[in-house]
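Asks: Pasted the sequence and its predicted model underneath.
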Amino acid sequence: MFGLSYSSCNLCPNDCNVNREIEELGICGQSDKLKIAWAGLHKGEEPPISGDNGSGMIFFTGCSLHCRYCQNYQISTDNIGYEISEKDLSDIMLKLQHMGAHTLNLVTGTHFIPSIINALDMAKALGLKLPVVWNSSGYEKVSVLSILDEYIDFYLLDAKTLSSKTASVFCGTEEYVKYIIPVLDFLYNKKRNNKVIIRHLVFPGELESTIKFLDFFSENYKKKFLLSLMVQFVNPYVNNPCVNNPNVNNSNSISNLKDKRVLDNKITEKEYGMLLDLLDKYEIDGFFQIMDEEEEDKEVLWIPDFTKKNPFPEDFATPLNMDIS
Ligand code: SF4
């Protein structure tokens, strides 16, 4: 596949240049062997993606960005998952379609793009018709996205921050900021009219950073993108067995944040109201997470446990039977 290779891997902005075919590992921590942690129907995505039946999600193991608040740390950093072939991945895609998925939702797959493209080709040849969602941190290279783009119908992309300082604290690298705007511009300017939802999470103690982001979004992208604004930051440090497990390498995890109190600094009702007013004023369309004190008490439930067959609350997710023949 022109320009995409595991042998000298530059698939993401980290540009590790390692040979993953001989098990040299870069920042994503993955060789050239496809690895996934979970597949199934999930109803917790934004309505256009979940539909009535749920989105057919496939969570890939590993991640090129190691956010310090990652809710999926078990798979992004701690490597939970199992190896599959490209043919297996193609079969999983078709099975999700058979289960009645509304969309095929590929979660954090940047480091496996060459295999994902091969699997999509195989699945399409066998009748895959589902709209394909690229669900990503936004830490991407435009040169790689432009090759992948013909396979993607829907982008569900994070835009975490436009501040280098905030990116450094929460995303583990200030480099994030250098890449996210070109990615948004690429999606905005290209001729193919894929649908785009941009997710933005309000980080604790970082309301100013969100206000700057809303201002920028409104000025540049609101005509073409929907915004999904999330206000309930979940502190992964609370009751998180993995973070406290001495056998787990958490060198990139939230446990290394010097002052963990920052994580409990949630937005107030007054600030919440101010954000609502701003969305009104800027006439931004999209989805807005409701601030719910009771739900906050249950926050730990929202941290998936990928050691279980169903890592999510039962009402939300139905696992695919993973017996791959
Ligand atoms: S995909 Fe992985 S190995 Fe390749 S450049 Fe990114 S982090 Fe490095």
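Replies: Yep, it's here. Every value quoted in this text rests on a predicted model; they were computed, and no experiment measured them. Residues are numbered from 1 along each chain as shown.
Asks: show me where the stretch 51-200 of the chain has helices.
Replies: Remark: helices assigned in the stretch 51-200 of the chain by DSSP state H, counting those that start in this stretch are 73-76, 86-98, 113-125, 142-148, 164-166, 176-189.
Asks: Please work out which of these is packed deepest.
Replies: Most buried of those, by mean neighbour count (mean count of other C-beta atoms under 10 Å): helix 73-76, with a mean of 25. Backbone N, C-alpha and C define where each C-beta goes, glycine included.
Asks: export it as PDB, just CAs?
Replies: Included here for helix 73-76 are C-alpha records, laid out as PDB according to Å, rounded to 0.1, in the frame of the first residue of the first chain:
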ATOM      1  CA  TYR A  73      -5.800   2.700  29.700                       C
ATOM      2  CA  GLN A  74      -6.100  -1.100  29.900                       C
ATOM      3  CA  ILE A  75      -6.000  -1.300  26.200                       C
ATOM      4  CA  SER A  76      -4.200   1.900  25.200                       C
END
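Asks: same for that helix, what does it pack against?
Replies: Helices and strands touching helix 73-76, by 3 or more C-beta pairs under 8 Å, 6 or more residues apart in numbering; DSSP states H and E, are strand 35-42.
Asks: about what we covered before: want to throw the helices of the stretch 51-200 of the chain into TSV with distance to D32 and mean pLDDT?
Replies: Below are the helices of the stretch 51-200 of the chain laid out as TSV (distance: least, C-beta to C-beta, whole Å; pLDDT from 0 to 100):
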stretch	distance to D32	mean pLDDT
helix 73-76	18	90
helix 86-98	11	98
helix 113-125	8	98
helix 142-148	16	96
helix 164-166	32	89
helix 176-189	23	96
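Asks: low-confidence ranges in the stretch 201-325 of the chain?
Replies: Along the stretch 201-325 of the chain, segments meeting pLDDT under 70 span 236-265, 292-302, 322-325.
Asks: Show me where it has its strands.
Replies: Secondary structure of the stretch 201-325 of the chain (DSSP state E, counting those that start in this stretch): strands located at 226-230, 286-288, 317-319.
Asks: Please work out which of those strands is packed deepest.
Replies: strand 226-230 (a mean of 19).
Asks: Mind giving me the packing neighbours of that one?
Replies: strand 195-201, helix 269-282, strand 286-288.
Asks: for E283, what are its contacts?
Replies: Taking C-beta atoms under 8 Å, 6 or more residues apart in numbering, we find E283 in contact with S218, K222.
Asks: for R20, phi and psi?
Replies: phi -70, psi -20 (degrees, to the nearest 10).
Asks: Format the strands of the stretch 201-325 of the chain as a markdown table; extra columns: distance to K165.
Replies: A markdown table is the format used below for the strands of the stretch 201-325 of the chain (distance: least, C-beta to C-beta, whole Å):
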| stretch | distance to K165 |
| --- | --- |
| strand 226-230 | 21 |
| strand 286-288 | 26 |
| strand 317-319 | 36 |
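Asks: closest one to F112 among the ones you listed?
Replies: strand 317-319 (20.4 Å; C-beta to C-beta).
Asks: measure V18 to Y176 for me?
Replies: Look at V18 and Y176: by C-beta to C-beta, to the nearest Å, they are 21 Å apart.
Asks: who touches I27 in this structure?
Replies: By C-beta under 8 Å, 6+ apart, I27 lies in contact with N14, C16, S64, H66.
Asks: next one: C67
Replies: S76, S137, K160, F170, C171, G172.
Asks: give me phi/psi at the residue lying closest to the fifth one once chain neighbours are set aside?
Replies: In this case it means C171. Distances taken as C-beta to C-beta, 6 or more residues apart in numbering place C67 nearest to C171, at 5.0 Å, with adjacent residues excluded. As for C67, its main-chain torsions (degrees, to the nearest 10) stand at phi -60, psi 140.
Asks: Spell out which residues belonging to the stretch 51-200 of the chain are near the ligand, please.
Replies: Neighbours of the ligand within the stretch 51-200 of the chain, by C-beta under 6 Å from any ligand atom: S64, H111.
Asks: And the residue of the stretch 51-200 of the chain closest to the ligand?
Replies: For the stretch 51-200 of the chain and the ligand, the shortest gap (C-beta to the nearest ligand atom) falls at H111, measuring 3.6 Å.
Asks: Is that residue in contact with C63, as I believe?
Replies: Yes - under the criterion of C-beta atoms under 8 Å, H111 lies in contact with C63, with a separation of 7.4 Å.
Asks: Tell me the bridge partners for the residue nearest to the spatial centre of the chain.
Replies: Note on the chain: the residue nearest the mean C-alpha position is S136, at 3.9 Å, using C-alpha atoms, centre = their mean. On the basis of DSSP bridges, S136 is bridged to L157.
Asks: And for the nearest residue to P304 once chain neighbours are set aside, the neighbour number?
Replies: Nearest residue to P304, sequence neighbours excluded (C-beta to C-beta, 6+ apart): P311, at 3.7 Å. Counted by other C-beta atoms under 10 Å, the residues lying close to P311 total 21.
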